[in-house]
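S.K.: Pasting the sequence and the predicted model now:
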Amino acid sequence: MPNAAAEPLIDRFRDTIEELVGSDAGKNARFGVAVSGGPDSMALLWLTHSAFPGRALAATVDHGLRPEARREAEMVAAWCAGQGIDHDILTLDEPITGNIQSEARRARYAQLHRWCQEKAVDWLLTAHHANDQMETMLMRLNRASGVSGLSGVRARNGIVLRPLLQWSRRELEQVVEAQSLPHVHDPSNDDSRFDRVAMRKHLKGVDWLDPMAFARSAEALDDAQDALEWMVGQLENEYVRMTDEGHIMLTSHDFPRELQRRLLLRMLTQADPAFSAPRGATLDRALSQLLAGEKAMIGDWHILAGASWVLMRAPPRSLV
């Protein structure tokens with residue numbers, strides 16, 4: 001049982017979950033916790049189990065990238081067994097190739113979502129925290145991201161919850177220390193070949209950057225992102241039309257540039273749901289051409305300028 005000193009932390013965590021899913025939705029919910037064995041995820045598992053006893057399950061994904069990974073997963077399994085927590089070790093269907101971090105993330109989430117379905121888990125919790133949010137925002141700022149990118153990691157995305165975004169890395173380390181939780185450190189977290197690790201090393205010792213301030217800014221930007229998307233939805237319903245020829249037309253474009261940008265993306269997605277969003281520079285160039293009264297092209301799509309913007313598929317290229 002948690003001691004009295006831990007109760008405020010548990011209450012804080014429980015309140016966050018209820019803010020994310022609602023008190024009714026969380027009343028009988030089953031919470032699946034993605035646990036790597038690192039201090040952050042072990043703190044998350046302990047908080048979930050303490051706040052919602054009997055309703056926490058855990059899963060550890062062994063990516064097969066390091067021989068030690070299996071032992072680390074078994075360490076988590078042993079601790080869970082001692083706490084009466086249902087735990088599974090998940091393995092990948094295929095070896096990781098290509099971009100190691102992005103491919104491992106994609107495969108990990110695929111396995112975790114499958115596990116959630118098999119276990120009838122309502123919500124999948126991951127241990128992203130305020131320091132992770134700060135790193136994400138700085139990396140995206142360095143890549144010239146807009147509002148959407150700078151809103152950072154979302155606290156809720158489908159069934160995935162990230163309830164620790166208002167907790168610092170140090171706070172989670174203190175939970176691990178106070179509760180004597182077993183944990184390991186993944187050596188890939190020290191590999192500067194990865195952008196995030198390099199960013200983390202540069203930030204080490206920079207005490208004037210406040211992760212909690214970044215977390216609050218990310219929340220504000222997330223709210224702004226939701227507001228913009230709501231507004232674009234209203235404008236799309238009113239001004240985006242299908243022409244008799246089957247083209248997509250924006251009947252008015254006298255809006256601020258950010259709304260023009262998002263409406264153009266909506267048109268492209270409506271024309272082809274599988275269309276991959278273009279880079280910001282590509283989209284900005286197309287907008288500049290349209291506002292100058294010139295035809296623009298994005299991928300296989302032409303956009304005709306004028307009082308209305310008309311999106312149509314480009315004719316097939318001649319092989320001659």
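M.R.: Yep, that arrived.

S.K.: Could you use CA atoms for every contact and neighbour count after this?
M.R.: Will do.

S.K.: Mind telling me what element the residue sitting nearest the centre point of the chain is part of?
M.R.: With distances taken as CA atoms, centre = their mean, the chain has Val153 as the residue nearest its mean C-alpha position (4.5 Å). Val153 belongs to no helix or strand when assigned by DSSP states H and E.

S.K.: which residues touch stretch 280-289?
M.R.: The contact list for stretch 280-289, computed with CA atoms under 8 Å, 6 or more residues apart in numbering, reads Ser145, Gln260, Arg261, Lys295, Ala296, Met297, Ile298.

S.K.: how near is the fifth one to His63?
M.R.: The gap separating Ala296 from His63 is 44 Å, by CA to CA, to the nearest Å.

S.K.: Find the nearest non-adjacent residue to Ala224, please.
M.R.: Val147 (7.5 Å; CA to CA, 6 or more residues apart in numbering).

S.K.: List the contacts of that neighbour.
M.R.: Contacts of Val147 (CA under 8 Å, 6+ apart): Leu221, Asp222, Ala224, Gln225.

S.K.: could you redo the last one with a cut-off of 10 Å?
M.R.: Neighbouring residues of Val147 by CA atoms under 10 Å, 6 or more residues apart in numbering: Leu141, Ala218, Leu221, Asp222, Asp223, Ala224, Gln225, Leu228, Glu258.

S.K.: and what of Thr60?
M.R.: Going by CA under 10 Å, 6+ apart, the list of residues near Thr60 reads 33-37, 69-70, 72-74, 76-77, 87-91, 108, 111-112.

S.K.: Next one: the closest residue to Asp11 other than its chain neighbours from Ala274, what distance?
M.R.: The shortest distance from Asp11 to any non-neighbouring residue, by CA to CA, 6+ apart, is to Ala51 (7.2 Å). Ala51 sits 41 Å away from Ala274, going by CA to CA.

S.K.: which of the two has more neighbours?
M.R.: Ala51 (21 against 9; other CA atoms under 10 Å).

S.K.: pLDDT score for the more buried one?
M.R.: Looking at Ala51, its pLDDT reads 95.

S.K.: again, but for Arg14
M.R.: 95.

S.K.: Please report phi then psi for it.
M.R.: phi -60, psi -40 (degrees, to the nearest 10).
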